[in-house]
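A.B. asks: coordinates only, sequence not included:
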C-alpha cells in the first residue's frame, strides 16, 4: 500500500538528463507552485511571479549538471531543494531592490501580504511542506475510493459536520469517521515517506 | 444464540483498523460501535494523525484550487491565492462570538457556525446551523475592513434588503439581513454545489447544452430582478451557483457589488474584485442600468464557450481598458464547436453601447430556451430566428504599414464611483497584424492563416542571425516523396526544400511547441501535437482542418501529445498522449476510433516514447516503459506484449520489415547511458538478435532504421553511427556537429522527446536532425552537411553594440561567441570566441574612441565576473581580467580620451569597488571603495572626475569622485522610488522612470543643475528598458496589456525622444516577435547607431534586428507621421488637462 513509485530516487536522478520529461515534470510539479506562492506572498505580481518561477526552473536545470554523488549522504532531493530554495531566495531578494511599486498594484500587493510577514526562507519551507501534503493528498486520492475520499474532504477540508456529511453521502456517521481517519492516516504516512526521502 | 452486536470500547483497535489489519467482521463491529461511541470516535481520529498534522493537512488541501494535475491553472487562479483568502477567513473567524458547542467555530447572531465555505471580494461565506429551524444555512459576512464606516454598513443593509425582495428560483433567496454587531451579514439557504467559475476552471469550455441551460436560467433570474428595477452589477461566473444533482442555477450577491464598491472606495480608494465581466459603461464609471447586466451576461456566455473571460490582462486596469476599447477575440477562433447563432447572440449582448444590446434579459431567456428546445427536438421545435449582428463600428482604414491608429478618444478617463479618476492617457493601437493573420469574426470562411512564406515583422528591415529557423525546433519529418522536410517549433511549422534546405513555406498559428509531427503517406496532411496543442493541417490548401488547445482543467483537457503516426494507407492516425494514452483516430474526420488498452506492467512512465506501423499496415507497435504492445492494426485488438528491455526504458521502436521489429533500450548508469538494440519477430514475440551500442556519455541515442532495411542509424554524441543490422557492427561514423556546443537556456531544460528530432529521408540518402535552433540536413553517403545555417548564435543573445562608424553590429550570445555583422545588409562578417567555456557572456561594449570592443560576463560555476578587451580591427584579445564578484550591469563607461575605462564591482552587501583601468592594458589606475550601491558611471568631459549613480536604500544620489584625490567631492539627491535610473554616456543627463498617476513618468534631468529638462508620461506599464543612445533617450514598455495572445505578440512599444529637447522622434511597435514567454520583452538592449539612422535590438530568439530610422521617417512623412503627431499632441494636451483637474 505504501509503495509510492513517484518517490523513487532513481526517477529524480533522471532529472539530470534534461531531456527526461517525466522526471523533470515531477520536479516542476513540486517546485513550480512552491516558488510561485512564495513569490506572490512577497508581493510580486502574477506576471513577475511566473517569470521568477521560470527563472528558478532554468537555474535549477542548469545547476543539475553540477550535482555529483560526492558522498552517500547528500541525497539528490535534498540537494535539489536547497538549490531551488536558494535560487528563489536570490531572485526575490535581488529583485526587491530595483522594484518600485505604487498605485493599484501596490494596494493589491499590500492586501495580499499575509499578516505575519515571513521571511523568504520560512515561506519557502512552509510552502514546500504544504506542497508535499498536497502531493500526498493527490496520491492518496488517486488510490482511494471516491466516497471515502469525499467523506474526508467534506469533513476535514471543507469543514462540514460529520452528521451533514453522513446525510450527504448517504452513509452512517461511523463510516464517515472511519473513512476520514483512514484517509488522514494515509496522507500522514505518505507525507512521512516523502519526507524520509529528504533526509 | 445470536451474538450481541454491542462491542465494548476495549475491543476497538483503532491502530489495527488504520493499518488495514482487521477482518471484515471486526471492521463492521468497529463501524457499528462508532455510530454511538463518542469516545472511540475521538480515539480513532487521534490515532490517525496528530491534531496539528491534521490541521496542517486540512489547511494545505483547502488552499489547493483545482486539480492537483493542473498546476498551471492553479497558478492562473490568483484570485484564489491562499494568502488573501486564508487571511480573510482567519480575520472573520476571529471576530465570531464564542460558542458552547465544541464542534462549532463560533457563533454569529443566533447561528452556530460550522465551517467556512469560502471567501471572496466582499467577505467570507460561512456555513452555519439555524438552531430555531434546525436547518443548514449559509451566512455571508461582510469583510471586517469593509464594515468600518456606518454609511457602508447602512448601504450594505439597504441593498441586501432590496435584493431580498426578488423571489425567483434562479436567484438565491435572502432569509434575513443583519446590520448590528461587529460584522454585518446576510443569511441565505445553503446550497451544495459549486460555482460556474469552478466548473469553467475545472473543465474549460462547457458543452453547448449546458451553456444554453445555464445561460437561460441566469437570464431568467436577471429578468426577475430587472422587473423590480434591481441591477446586479456583478454578474460573473463566481456569482453563479450550480446546484449539485439538480440542474438548477442560482445567482448570488444581488445588488451587493454596489454596496461593496462604496465601502472599498471609502476604505482604500480602490475597487474590489475582478473587473473582467464589467460592462464598458461600468468600467468608465458612468451611470448604469439593467443593460449593464446584459453585457456581463454576454461575457459569462463567452466564458462558458471558451473557458476563459473575454478580456484578460495582468492588471485590473488593463482589463478595464480592454473592455472599453477592444473587441474580444472571436469565440470560434478559440472554440470551433461554438455555433454561429450563439456567437451572434453573445456579440449582440457584448455590444459596447447599451443600445446595441438585446432588449432584455427575458428576451435572452426566451431565445436560449428556444434553442435548447430545438437542440433536444429538432423535428418538432423549429430553430429560432437568427439575431442580426450589431452595426459594425467604423474603423479607420489601415495605412500602408498596416498600423491603425484610432484618432479619437485619446483621453480616456476611467472613473469609479465617487468621481475618482484612476487614470490615464493612452494611444491605442489597432489590432496591427492580428487583423489580417487571423481574419476577424468571419474566420470560418477564410483559411486560418494567409501568412506568406518568410513572414517578416513590420518595419524591421534587417535581421542578424538565423531568424528563418523558428527557435526551439523539436521535431522533423520528411514528405513521402522525400522532396520536402517539415520542422515544427513554437507555433510555427516550416516547410523546406530537402535538396537545399531553403525555406518554401511557413505556417504560423498558435498551437504551442510541437513535440511530434507526421506527414500522411499521400503527402496531403500533416498531424502534429505537443503539450499545449494538437493540429491537423491540410498541406496543399494551407488550411487548418482541426486544432485543439490545452485548456486549463483536468487531464482530459490537455492535448499532451507525445507521438503521432499515420497508418501506411493513411486512413488512420495513432495519437499518443501523456499518462500512457494511445488512441486511434480516423485521419479524415479526426474522430476517435478506439483507445488502445495498454497493460499495467511496469507502469511508471507517463510518456509513450514510440509508436510504429508495420510496412504492410497489419501491425501496430506501441511502447510503454520496457514493454512493447503489439496490436492488430485492423481490429485494434492486443496481440501480445513483449518484455523488451527489462530494466531499460525503450527509446525507439521501429519496424524493420513485417518480419522484424527493432527496439532500443537505454539505461542511465554511472558512466552515462548504456544502450542496447534488439530485433524481434513480431508474429511470435521471439528475440532474433541483440547487440550493445555501448556507453554513451550524454542521453539515450535515437535509433532510426534506414529504408534499405539492413541498416540502422544511431545518433551518438555529435556523431551518427551506421549499424549493420545483421551483425550489429558499426560500419561507419558520421560527424554531425563539429563545433562543441555549450548548454544554453534555449529550450534545453524542457526538450522532451528527442527521438522525434531525427528523420531519415524515404530514399535513405539523407538524414535531418532538428535540435534546438538548428536543423541539419546530412547526406548519408558523403557525410556532407547540405544545410546547416550555423552562422548565427546558438542560444540567446545577451548583448549587442553598434560599431562607432555605424557600419557594423557586434552581438554576443550565451554560446560564448561574438559575431560582427554588416549592419546595412545583415550579412555575417566574422565570429570570434569572446568568452572561455567557464564564462557566460553578458554585455558587449564598443565605445567610440578606443578602437576596442569590451565583453563582460559571469563566471560559472563559481561566482565572479570576467572582462575582456579585443582589438576592434583584428579582434585579437588585448587583455582579460577576472573579478571575484559580479560587474554591475551597465556600469561600464569610457573616458572622452578613450584611455580609461570605469566599471563597478559588486562586493557583497552594499559595498562596491569602482575600478578605473587602462582601456588598452587593463592595468588598474584607481581603485575606489564605496559603501553605497553604485549603479552607473560616466567620466566628466575632461576626465578628471567620475560621476556615479548611487542607490542609497531608497534614494538615488548622483556622486562626483575626484579621480586625483580619490574622494567624493559632490553628492546630489536625485530622489527615490524610481523604476530605473540611467546616466548618459557623457554624464550630462540623468533619466529616471517612475510610476505616477498618469502612467509611467520618464524624466530627464540635467546632472549639473538637477533641473528637469522635460518629463513625459507615455508609458502605462513599468518601463522595461531605457537607454541613452546617440543623443536620444530610448524607452520601452508594455503599454497595452490585452493582446491576441495566440499570436503571442507582446505589444511593447519603443519610444525615441531627443534627450535634450522635448519632442517625440519616433514610436515603434516592438512587439513583433513570437516570444516563448510573454513576460519577456521581445526586444532588448536597444541601441542606436552613432548617426541615429539605425536602431538595433536583441531578441529572445538569438537574433538581433534593426530598424532603418531614416527610411521610416521618409516613409511615414505622408501617412503615418500626421497620425503620430496628432497622437502625441493630443496626449500632451491630455496630460495637462488631466493634471489640471486633479
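C.D. replies: In hand now; what should we look at? Here the structure is a predicted model, which means the values were calculated and not measured.

A.B. asks: where does the chain have its least confident helix or strand?
C.D. replies: You didn't pick a chain, so chain A it is. Within chain A, no helix or strand scores below helix A:103-112, which has a mean of 34 by mean pLDDT, DSSP states H and E.

A.B. asks: think we crossed wires, I meant chain B
C.D. replies: Bottom-ranked secondary element of chain B by mean pLDDT, DSSP H and E: strand B:420-425, a mean of 24.

A.B. asks: Give me the below-cutoff pLDDT ranges for the stretch 451-600 of chain B.
C.D. replies: The model of the stretch 451-600 of chain B has pLDDT under 70 over residues B:451-461, B:466-472, B:490-491, B:509-512, B:531-532, B:545-559, B:578-580, B:599-600.

A.B. asks: pLDDT at residue 50, what is it?
C.D. replies: In the absence of a named chain, chain A is used. Looking at residue A:50, its pLDDT is 69.

A.B. asks: wrong chain, I was asking about chain B
C.D. replies: pLDDT recorded at residue B:50 is 79.

A.B. asks: what number of residues lie near it?
C.D. replies: By the measure other CB atoms under 10 Å in any protein chain shown, the count of residues near residue B:50 is 12. Just so you know, the C-beta spots here come from the backbone N, C-alpha and C atoms, and that holds for glycine as well.

A.B. asks: Could you look up the next helix or strand downstream of the least confident helix or strand of chain A?
C.D. replies: The first helix or strand that comes after helix A:103-112 along the chain, using DSSP states H and E, is helix A:120-143.

A.B. asks: thought residue B:61 was touching residue A:134?
C.D. replies: Yes: using CB atoms under 8 Å, residue B:61 is in contact with residue A:134, at 6.5 Å.

A.B. asks: For chain A, what's its nearest residue on chain B.
C.D. replies: Closest contact between chain B and chain A, by CB to the nearest CB, is at residue B:115 (2.7 Å).

A.B. asks: Just list whatever residues bridge to that residue.
C.D. replies: Listed beta-bridge partners, residue B:115: residue B:127 (assigned using DSSP bridges).

A.B. asks: show me what contacts it?
C.D. replies: With contacts defined as CB atoms under 8 Å, 6 or more residues apart in numbering or on different chains, the neighbours of residue B:115 are A:158, A:159, A:160, A:161, B:105, B:126, B:127.

A.B. asks: Which members of the residues you listed occur in strands, if any?
C.D. replies: B:126, B:127 (DSSP state E).

A.B. asks: Need the contacts of residue B:115 in CSV (columns: distance to residue B:730, neighbour count and pLDDT).
C.D. replies: Shown next, in CSV, are the contacts of residue B:115 (distance: CB to CB, whole Å; neighbours: other CB atoms under 10 Å in any protein chain shown; pLDDT from 0 to 100):
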residue, distance to residue B:730, neighbour count, pLDDT
A:158, 63, 19, 78
A:159, 66, 17, 77
A:160, 67, 23, 80
A:161, 71, 20, 83
B:105, 72, 20, 71
B:126, 73, 29, 83
B:127, 71, 23, 83
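
A.B. asks: which among the contacts of residue B:115 gets closest to residue B:692?
C.D. replies: Within the contacts of residue B:115, proximity to residue B:692 (CB to CB) peaks at residue A:158, which comes in at 56.5 Å.

A.B. asks: Residue B:254: neighbour count?
C.D. replies: The number of residues packed near residue B:254 is 26, by other CB under 10 Å.

A.B. asks: which element is it on?
C.D. replies: Using DSSP H and E, residue B:254 falls outside every helix and strand.

A.B. asks: That one: what's its closest spatial neighbour, skipping adjacent residues?
C.D. replies: Spatially, and ignoring its direct neighbours in sequence, residue B:254 is nearest to residue B:163 (3.7 Å; CB to CB, 6 or more residues apart in numbering or on different chains).

A.B. asks: The one you found reaches residue B:230, doesn't it?
C.D. replies: Yes: here residue B:163 reaches residue B:230: they are 6.6 Å apart, a contact under CB under 8 Å.

A.B. asks: And those two? Which one has more around it.
C.D. replies: residue B:163 (25 against 20).

A.B. asks: ok, now how distant is that one from residue B:186?
C.D. replies: Distance check for residue B:163 against residue B:186: by CB to CB, to the nearest Å, it reads 9 Å.

A.B. asks: Spell out which residues are contacts of both of those two.
C.D. replies: Joint contacts of residue B:163 and residue B:186 (CB under 8 Å, 6+ apart) are residue B:174.

A.B. asks: what about residue B:656, distance to residue B:513?
C.D. replies: Residue B:656 sits 31 Å away from residue B:513, going by CB to CB.

A.B. asks: Mind checking which of those two has more residues around it?
C.D. replies: Higher neighbour count among residue B:656 and residue B:513: residue B:513, with 24 against 21, using other CB under 10 Å.
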